[in-house]
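Asks: Take this sequence and fold it.
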Amino acid sequence: CPYKCAYCTFRKDDRIIYIKPVEKIIDELKAVSRRGVRYVRFIDDNFRLGAPNLEGFCQRVIEEDIQIRWMTMIKISTLEKVDADLLRRSGCIDVALGLESTEPVVLRNMNKKANPAIYGPVVKRLLEAGINCSCYFLLGFPGETDESALRTRAFIKDMERLDLDGIFSWNIYSFCLYPLSPIYEPEMRE
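Replies: Numbers count the residues shown, from 1 in each chain. Next up, the predicted model:
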């Protein structure tokens, strides 16, 4: 992941960021499909790192008629302008979204490059297309208030009320100060 979110404990080394070429993923999907695999979960913090690349991947899966259903974790901003129906037709059945908070101040404190104004519309489009959305939230990060926590809860309740083809699920985690996270460093703890 090229991002440097303050809470994240994944080691950050820009020298080792690698985006697998679409052609290689297509070849791998064909190979596992020939072996009878029908479901694949891509283990990647930010699958394909960008909308044009993601749509190109989806189009190739459709063109190659690869009959695999897939799931992944992806940055919500990548999905802002992506055709949700194209995702579904390519076999996408579930996306995991690390939203963390709906509060701009908290997101800024996290160094999370996110725009909470897009959360609702993107999640709704995905659910309308029949794609399940698993959303993850982090409560108690410095800057969180009772009011901001309640706004995040209201977002979750609003999404739960939607009666669409996809399933909305969520997890809330408590903020913990972990070694290796940027906020653990003394200068950032201030």
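Asks: Which strands and helices lie in contact with the worst-scoring helix or strand of the chain on mean pLDDT?
Replies: When the helices and strands of the chain are compared on mean pLDDT, DSSP states H and E, helix 186-189 comes out lowest with a mean of 77. Counting contacts by 3 or more CB pairs under 8 Å, 6 or more residues apart in numbering; DSSP states H and E, helix 186-189 is packed against no other helix or strand. In this view, the C-beta of every residue, glycine as well, is placed from N, C-alpha and C.
Asks: That one: how far from the chain's middle?
Replies: For helix 186-189, the distance between its averaged C-alpha position and the chain's averaged C-alpha position is 27 Å (CA atoms, centre = their mean, to the nearest Å).
Asks: Let's see it as PDB, backbone CA atoms only.
Replies: The C-alpha trace of helix 186-189 is given here as PDB (Å, rounded to 0.1, in the frame of the first residue of the first chain):
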ATOM      1  CA  PRO A 186       6.800  10.100  19.700                       C
ATOM      2  CA  GLU A 187       6.600  13.100  17.400                       C
ATOM      3  CA  MET A 188       3.200  12.100  16.000                       C
ATOM      4  CA  ARG A 189       1.800  11.100  19.400                       C
END
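Asks: Would you map the helices across the protein?
Replies: Defined through DSSP state H, the helices belonging to the chain, from first to last, are 22-34, 51-63, 76-79, 84-89, 104-109, 119-128, 146-161, 186-189.
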